[in-house]
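# let's see this in three dimensions:
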Amino acid sequence: MNGLYRPRHGRIIGGVCAGLAHRFGMAPWTVRLLALLSCLLPGPQFVVYLVLWVMLPSDDRRPARTH
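I've put the predicted structure just below:
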């Protein structure tokens, strides 16, 4: 299973949606659309996004994988 990180390529703002999409095998645009639609609901979605942006490691900080 893949770890959760923000990929270096495919970022729009912080790479959180792209990282979640990669982790769960979804298309990044689907996760972005769901994130935007969730902002119409009451709740701390924006705060959760900011926390994930800060907490998720970037792809360039990930240890290199050997094949």
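# now the spatially most central residue of the chain. Nearest residue, chain neighbours left out?
Centrality entry for the chain: nearest residue to the mean C-alpha point is residue 16, 2.2 Å, by Cα atoms, centre = their mean. Nearest non-adjacent residue to residue 16, counting by Cβ to Cβ, 6 or more residues apart in numbering: residue 52, 4.7 Å away. Placement of C-beta: from N, CA and C, glycine included.
# which residues touch residue 5?
19, 56-59, 62 (Cβ atoms under 8 Å, 6 or more residues apart in numbering).
# in helices, which of these fall?
residue 19 (DSSP state H).
# let me see the mean pLDDT of stretch 33-50.
Mean per-residue pLDDT for stretch 33-50: 92.
# make 6 the starting number, not 1.
Will do, 6 is the new start, and the previous item becomes stretch 38-55.
# which residues are in contact with it?
19, 21-22.
# flag every buried residue along stretch 56-67.
Residues of stretch 56-67 classed as buried by neighbour count (16 or more other Cβ atoms under 10 Å): 57, 61, 64.
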